[in-house]
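Enquirer: Can you look at this prediction? I've put the sequence above it.
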Number of protein chains: 2
Amino acid sequence: MEPLGIGLIGCGTVGQGVAQVLLQKGERLSARAGRPLELRRIVVRDIRKPRGALDPSIAASLYTSDVGQVLRDPAIRVAVELVGGVDTARRMVLDCLAAGKDVVTANKALLATHGPEIFDAARRHGRAVAFEASVGGGIPIISALTQGLAANQITSLQGILNGTCNFILTSMSEEGTSYDQALAEAKQHGYAEADPTLDVDGTDAAQKLAILAQIAFGVGVPVSTIGHRGIASLDKLDIRYSSELGYTIRLLAEAWLRDQRLALHVSPVLLRHQAPLALVRGPYNAVHVVGDVVGDTLYYGQGAGQMPTASAVIADIVDMAIGRAQRTFQTMRLWSANGADIVLLPSTAVRSRYYLRVMVADQPGVLAEIAHLLAEYKISIASVIQHEALTEHVGDIVPLVIMTHTASAGDFQTALQKIDRLSCVGASSVYYPVAD
Amino acid sequence: MEPLGIGLIGCGTVGQGVAQVLLQKGERLSARAGRPLELRRIVVRDIRKPRGALDPSIAASLYTSDVGQVLRDPAIRVAVELVGGVDTARRMVLDCLAAGKDVVTANKALLATHGPEIFDAARRHGRAVAFEASVGGGIPIISALTQGLAANQITSLQGILNGTCNFILTSMSEEGTSYDQALAEAKQHGYAEADPTLDVDGTDAAQKLAILAQIAFGVGVPVSTIGHRGIASLDKLDIRYSSELGYTIRLLAEAWLRDQRLALHVSPVLLRHQAPLALVRGPYNAVHVVGDVVGDTLYYGQGAGQMPTASAVIADIVDMAIGRAQRTFQTMRLWSANGADIVLLPSTAVRSRYYLRVMVADQPGVLAEIAHLLAEYKISIASVIQHEALTEHVGDIVPLVIMTHTASAGDFQTALQKIDRLSCVGASSVYYPVAD
């Protein structure tokens, strides 16, 4: 069969991994794809810059700084966008679609922000977009949702979707390090970028959740509407108290569908020590998916990194070569109106149990005042631990840790604002949802 | 688009689940498949037998005891084989393929035994066979291997593939029950059949391993060549000692590829308490897959039962409706000669550490004798625990528990035969592999 011509746009870490596999594993890939996969062009900004993972003698002839070399080559049927960022990537993807190329991308920020425009353009030009690598790195979670679970209405999704955060949380809980120490360690290991803001503040996980929600529920969720809290202000004190109570803290992206109403958020969440997601350590990702036919399933693997991400990109290229990706894309109608009957709830509607730490004056009547305020919002208390003062310097301010029964985030936050105004409360309270 | 006509052959537990979803979730499935899925016939032996899960008024018009009603109906494009067993199923599948139907099957025994014949017939007739439900119930493990991990050479597979055994082992380790008690409990819960022989002796797991090996390594492995040990003779004593040493026992189906040589077996294996597969409890299944590009990944869910299995069957039907399954089948060339360069090793070549329990006379020199015999086969001892006599009645026979370093199964078994012939050894020794 005729080779499938490929143009690679962007050759950073993941791009070099993809090029390396395409160039070195040709025989394997051609058996899997039923035809040779021919890497014809690699578009880079500076063609002279050394790219360590690639053999210069092989790759040099492929480099170009002109994306037109991809757009105008009729033998290139698939463009692989790995430039990252949003604006340049958007323009290049739209140009490739207009030029009749199918597109493979790993760019979650692009899809979460411009998904509707890109998918509409693809449909208009009769092209397909595949994006397995955009969520969960090497884990085939997109194909599990689009194909493997096609019989199901997904009823809930819970994911550890950010390896940087999971590495930091694992260090903090297993080694008792502070957030700053754990972040420094993550940078040393290459698990955190120089500027980790979008990872640690939950934005990256929210973008990935928006993509999963689109596939699982057919709903276009603007990232800006997903309530998200990160881990940068997480105190190791709360990791310790959670652990005493039998819980591990993980940054989760969660979505629940009930009576055609969808609630979602990104937040540090307390999980029982033995819960499957609590056992996901270091830079790994995992997604727990519940469907109304299959019950619960879980998918686990490396959520980022050069080769795991390359594995997912190449799976998409093979799917394009075989013609499956095109059929999937045509049938799915993503970011179209297919989820119109599902109502998107605000993040304040998310219901869960809560872990609450209040720093209180060690004096009579304090617990009564706080319990009273919680009761006003119909939040009942499941258990209470009052710890002794941490150090002599704190004086008579002690941590009071409360586990509540189920409440809505909105009610809980309102009650909390009132609690924080009590004269017996010495600092802003800290709270996290607790998974069932 | 034109509806996809479906003929269901067999309407037991899983068949009723499939029919129920097809009949009740028509709108959902038609959106997913891009066309309506029309159940046109249900072939059963006795059309009058009540089938609880199905509305009699809807289903009655579909029942027939004549498979010819499926074969001769040109509107039926997909036949779903759920009769189970091997001989009748084989004949019906071959007849359906000859009649121009694509086939979806959940029948691992059929594929493990007659895979080459069935896949050759499908290729000869230009038809496709899909079999997601044959391994791992609702877990989309087949599509993960065929599509999601297409970039990879799989280097190892470890699976909990039999829910009956996993339920029994979970009960034995968590509740301290005996094998017989746990089996009785499994039957009560519907997790074990009236005759559980093929589950508990490891045959079922070996059949599923043969299918996974075909997909992952392109090698046709006759089930009879897979060394398999079951759990029927497992003593709760060994579960207790393993646990003291920090290990949980699970029945694993395992395969390793190294230097183009493939070793596989089914056996109870000791896993560290915190290993992902050790945490799989009750009737759940999980498969741990390592690929040379993606690293390690894991897939988890319910491995059997009406609706999880129906979920996988329907995913295959949707794939047929979209035309993906046909493309996958044509490209994969399963059970053809594509794995010819991989050498199949005998099960005695499997290398691992071992847990060994020897019942010995409590007298001087015993450990020296056993250690000497192990050393003769270059098996070194990692740790030893000599427990005190269990009861006064056992007299002076005490359990000696040895953990070895890595050895081949063949060497280990030979050494063990000699150990069991020592005069100081009071009963047949018990041994299990230990995962790294």
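Expert: All right, it came through fine.

Enquirer: what comes up buried for the helix or strand of chain A with the lowest mean pLDDT?
Expert: In chain A, the helix or strand scored least confidently by mean pLDDT, DSSP states H and E is helix A:56-59, which has a mean of 75. Within helix A:56-59, the residues that qualify as buried are A:A59, counting by 16 or more other C-beta atoms under 10 Å in any protein chain shown. For every residue, glycine as well, the C-beta is placed using N, CA and C.

Enquirer: What lies in contact with that helix?
Expert: A:19, A:23, A:42, A:50-51 (C-beta atoms under 8 Å, 6 or more residues apart in numbering or on different chains).

Enquirer: Likewise for stretch A:77-95?
Expert: The contact list for stretch A:77-95 (C-beta under 8 Å, 6+ apart) reads A:4-12, A:14-15, A:18, A:67, A:70-71, A:96, A:101-107, A:109-110, A:113-114, A:117-118, A:121, A:129, A:313, A:317, A:320-321.

Enquirer: of those residues, list those near chain B.
Expert: Among the contacts of stretch A:77-95, no residue lies close to chain B (C-beta under 8 Å from any C-beta of the partner chain).

Enquirer: Do a quick rundown of the helices in the stretch 251-400 of chain A.
Expert: For the stretch 251-400 of chain A, the helices defined by DSSP state H, counting those that start in this stretch cover A:306-322, A:324-332, A:366-376.

Enquirer: Out of those helices, which is the most enclosed?
Expert: Among these, helix A:306-322 has the highest mean neighbour count (mean count of other C-beta atoms under 10 Å in any protein chain shown), at a mean of 27.

Enquirer: Can you dump the C-alpha atoms of it in PDB for me?
Expert: In PDB, the C-alpha atoms belonging to helix A:306-322 read as follows (Å, rounded to 0.1, in the frame of the first residue of the first chain):
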ATOM      1  CA  GLN A 306       8.800  12.200  25.900                       C
ATOM      2  CA  MET A 307       8.200   8.500  25.100                       C
ATOM      3  CA  PRO A 308       4.800   7.900  26.800                       C
ATOM      4  CA  THR A 309       3.400  10.900  24.900                       C
ATOM      5  CA  ALA A 310       5.100   9.800  21.700                       C
ATOM      6  CA  SER A 311       3.400   6.400  22.100                       C
ATOM      7  CA  ALA A 312       0.000   8.100  22.100                       C
ATOM      8  CA  VAL A 313       0.800  10.400  19.100                       C
ATOM      9  CA  ILE A 314       2.000   7.400  17.100                       C
ATOM     10  CA  ALA A 315      -1.200   5.400  18.000                       C
ATOM     11  CA  ASP A 316      -3.100   8.300  16.400                       C
ATOM     12  CA  ILE A 317      -0.900   8.300  13.300                       C
ATOM     13  CA  VAL A 318      -1.400   4.500  12.900                       C
ATOM     14  CA  ASP A 319      -5.200   5.000  13.400                       C
ATOM     15  CA  MET A 320      -5.000   7.700  10.600                       C
ATOM     16  CA  ALA A 321      -3.100   5.300   8.400                       C
ATOM     17  CA  ILE A 322      -5.700   2.500   8.900                       C
END
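
Enquirer: what is the rounded mean pLDDT of it?
Expert: Mean pLDDT, helix A:306-322: 97.

Enquirer: again, but for stretch A:248-266
Expert: On average, stretch A:248-266 scores 96.

Enquirer: That one spans what distance, first to last residue?
Expert: The straight-line separation of the ends of stretch A:248-266 (C-alpha to C-alpha, to the nearest Å) is 16 Å.

Enquirer: Check stretch A:366-384 too.
Expert: Note: stretch A:366-384 ends 13 Å apart using C-alpha to C-alpha.

Enquirer: now do stretch A:141-161
Expert: One end of stretch A:141-161 sits 11 Å from the other (C-alpha to C-alpha).

Enquirer: Show me how far it is from its chain's centre.
Expert: 14 Å (C-alpha atoms, centre = their mean, to the nearest Å).
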